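S.K.: Here is my input; please provide its structure:
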Amino acid sequence: MKKFYKEPLLHFLIIGSLIFVLFSIVNKDEIDVSGNKIVVTAAEIERLSANWSKNWNRPPTETELKGLVESYIKEEVYYREALALGLDQNDTILRRRLMQKMEFLSNDLAELNQPDESALNKYFLDNEDKYELPPRVSFTHIYFSLDKRGAKVVEDAKSVLTGLNALRAPELGDTFMMQYDFVQETPFEVERLFGKGFTEELFTLETNTWQGPIESGYGLHLVRISKKVDSGMPELVSVVDKVRTDLMFEQRKKMNKEIYEKFKQRYEIVIEDMPKQSSMARITVSGREIS
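M.R.: Predicted structure coming up:
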């Protein structure tokens, strides 16, 4: 059972209160929200000017700054009048924006719990499949075009293979649209270029000898592998930044879910019967409408 001081909801409420108090202190002279008084302070004018300078790479002119202040006042007037009229009710965009702000607060709460070395190591070991290094292969090839050689392509490739002992000999085959030498390629990278069948066979071949022919989407290839590196796990220190990012992402997801579930428990939720079928989207099977 979690100790009281470790409860995520308690942390969330405390942070929310602190943010509210801080906002009130920082903005107490900027806008007087009581009555109909709107005060734009020098600090707010400086913020407006800074934002303009950031967007336009120069400070605003006197006229432009007056326009910024007037736009700010207009925005505040409309905001207050909209609240007074209840226009914030049943506004989908506003509801989603407020929901996002609540999620931002819970994300900030999760960021407070920075994982230590022990937590990072545990997450790393529990999720080894995410960090396993893929196998890699370095190879050169000789290409034989099916379009150019037709039915003789296999015979030609086998003929060149016989007695072949050069480290590379692309001139013994046909012109290839890409390079002939590939270094430290992963299965994904090879498959992207040559296709799945070629890749699967390539990674089963021995090193330092010409083999084949093996087929790709382009034609046939004789292949000589100079180096193969098996898949394996890296040291934590080499991927610690990625592990920390992944763990923090998981913590934020967990925190959002926990806080939402606790908030949800405060409400009685009633879901009325859903219509079985929308009149705008009838289901059809083999051209026959299902009623």
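
S.K.: Surely P59 and N51 touch.
M.R.: No. Assessed by C-beta atoms under 8 Å, P59 is found out of contact with N51, at 11.1 Å. In short, each C-beta sits where N, CA and C put it, glycine included.

S.K.: Could you confirm E46 falls within a helix?
M.R.: Yes. E46 forms part of a helix when assessed by DSSP: H, G, I helix; E, B strand; the rest coil.

S.K.: That one and P213, how far apart?
M.R.: 72 Å (C-beta to C-beta, to the nearest Å).

S.K.: which one of these two has more residues nearby?
M.R.: Comparing E46 with P213 by other C-beta atoms under 10 Å, the one with more neighbours is P213, at 22 against 10.

S.K.: Next up, the contacts around the more buried one.
M.R.: With contact set as C-beta atoms under 8 Å, 6 or more residues apart in numbering, P213 has these partners: 144, 154, 157-158, 161, 220-222.

S.K.: Can you classify it as helix, strand or coil?
M.R.: Assignment for P213 (three-state DSSP): strand.

S.K.: Next one, pLDDT for it please.
M.R.: With respect to pLDDT, P213 scores 94.

S.K.: next one: I14
M.R.: The model's pLDDT for I14 equals 56.

S.K.: ok, which stretches of the stretch 1-150 of the chain are strands?
M.R.: Assigned by DSSP state E, counting those that start in this stretch, the stretch 1-150 of the chain shows strands spanning 136-145.

S.K.: can you pull out the helices in it?
M.R.: Ranges of helices within the stretch 1-150 of the chain are 8-27, 42-56, 62-84, 92-112, 117-126, 128-131, 146-149, based on DSSP state H, counting those that start in this stretch.

S.K.: so which of those helices comes closest to N256?
M.R.: Between N256 and those, the shortest separation by C-beta to C-beta is 5.0 Å, and it involves helix 92-112.

S.K.: average pLDDT for the closest one?
M.R.: Helix 92-112 comes out at a mean pLDDT of 73.

S.K.: got it, and stretch 61-81?
M.R.: 84.

S.K.: Not counting that stretch itself, show me its contacts.
M.R.: 31, 38, 40, 44-45, 48-49, 52, 60.

S.K.: try stretch 193-208
M.R.: Against stretch 193-208 from outside (C-beta under 8 Å, 6+ apart): 135, 137, 139, 178, 187, 190-191, 211, 214-218, 221, 223-228.

S.K.: about what we covered before: are any of the contacts of stretch 61-81 buried, and which?
M.R.: Buried members of the contacts of stretch 61-81, scored by 16 or more other C-beta atoms under 10 Å, are 31, 40, 44, 48-49, 52, 60.

S.K.: Could you provide the residues you listed in CSV, with additional columns for distance to V183?
M.R.: Formatted as CSV, these follow (distance: C-beta to C-beta, whole Å):
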residue, distance to V183
I31, 62
V40, 62
E44, 58
L48, 54
S49, 53
W52, 50
P60, 54
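
S.K.: nearest to K254, of these?
M.R.: Distances from K254 to the buried ones among the contacts of stretch 61-81, taken by C-beta to C-beta, are shortest for I31, at 36.7 Å.

S.K.: Kindly give the local confidence score, pLDDT, for the closest one.
M.R.: Model confidence at I31 (pLDDT) stands at 43.

S.K.: if we can go back for a sec, could you dump the helices of the stretch 1-150 of the chain into JSON lines and include distance to A169?
M.R.: Formatted as JSON lines, those follow (distance: least, C-beta to C-beta, whole Å):
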{"stretch": "helix 8-27", "distance to A169": "65"}
{"stretch": "helix 42-56", "distance to A169": "59"}
{"stretch": "helix 62-84", "distance to A169": "70"}
{"stretch": "helix 92-112", "distance to A169": "58"}
{"stretch": "helix 117-126", "distance to A169": "45"}
{"stretch": "helix 128-131", "distance to A169": "39"}
{"stretch": "helix 146-149", "distance to A169": "17"}
